[in-house]
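K.L.:
3D, please:
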Amino acid sequence: MKIKQKLPTLLTMGNIMCGFLSIMCVLNQRLELAAWLIIVAMILDGFDGKLARLMNTASKTGAQLDSMADLVAFGIAPAILMTKMCNNSPIVISWGVGLFFMMCTAYRLARFNAQKEEGIQLPRHFFTGLPSTLAGGTVAQLCILHHFIYTRFGTDIIVNSLPFIVFILGVFMISKIPFFDITCKIGKRQGIKAVILEFSAAIVYFIITPELALSSALSFYLIICGAYGIVKGKQIKGAQPV
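P.N.:
This is a model prediction of the structure:
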């Protein structure tokens, strides 16, 4: 196989590798690094499927591998990160919320695969429920934002509210709320060069004040795309699976 045919698979492997390394960092008390590894996995996940379609190398094996990588990087790793950050909270709360979040991620990914296998027609440019990539990335960016705020203001406001936020993210994942897919703008008409340019621009964007840039980007997506999906929900309700 040519190297370009292997590239999407390599990106997916990089995704699951980042998830594993993130877990190891949490176990070694490197929480901020663990969070950044989840963000790197998020970026890789945003491009592996797009490249596979652009290069006409998409396959069922690649799709299943992508789901397994997503479970590790955006389900297990963020759940462990959250429980470690909230180690001052009662175990029944931190562990329980972490377990709930991981189970919601697994269910969200399984539902997505089942819908594709069963040929269920979903609303164009919309996800059914909050994507697991965004949910896991939100947990990671909250960890990064906490480190940024704590080192400057000495407050634990994010950690104290994190279990509640993570629980809500889990509920959103298994819900049927339509979330707008902003990445649909990256398509075949743009070509590979445009995708590479967008990838490079994203890297440069996060190099400049990464903590605040990351937080603003994910918060913007959550609020705007979620609100837009709720508004459009009544119009596309008939296309949602029952």
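
K.L.:
stretch 161-168: which residues count as buried?
P.N.:
Across stretch 161-168, burial judged by 16 or more other CB atoms under 10 Å covers Leu162, Pro163, Val166, Phe167. (Glycine included, C-beta is placed from N, CA and C.)

K.L.:
helix, strand or coil for the residue positioned nearest the centre of the chain?
P.N.:
The centroid of the chain falls nearest to Thr133 when counting by CA atoms, centre = their mean (1.5 Å). Three-state call for Thr133 (DSSP: H, G, I helix; E, B strand; the rest coil): helix.

K.L.:
strands along the chain, start to end?
P.N.:
Listed in chain order, the strands of the chain (DSSP state E) span 126-128, 178-180.

K.L.:
relative to Ile16, which of those is closest?
P.N.:
strand 126-128 (21.1 Å; CB to CB).

K.L.:
same question for that closest one, mean pLDDT?
P.N.:
Across strand 126-128, pLDDT averages out at 78.

K.L.:
who does it touch, helix- and strand-wise?
P.N.:
helix 91-117, strand 178-180, helix 226-236 (3 or more CB pairs under 8 Å, 6 or more residues apart in numbering; DSSP states H and E).

K.L.:
please identify the deepest-packed of those.
P.N.:
Using mean count of other CB atoms under 10 Å, the stretch among the helices and strands packed on strand 126-128 with the greatest mean number of neighbours is strand 178-180 (a mean of 22).

K.L.:
and it, which strands flank it?
P.N.:
Sheet pairing for strand 178-180, assigned by DSSP bridges, gives strand 126-128 (antiparallel).
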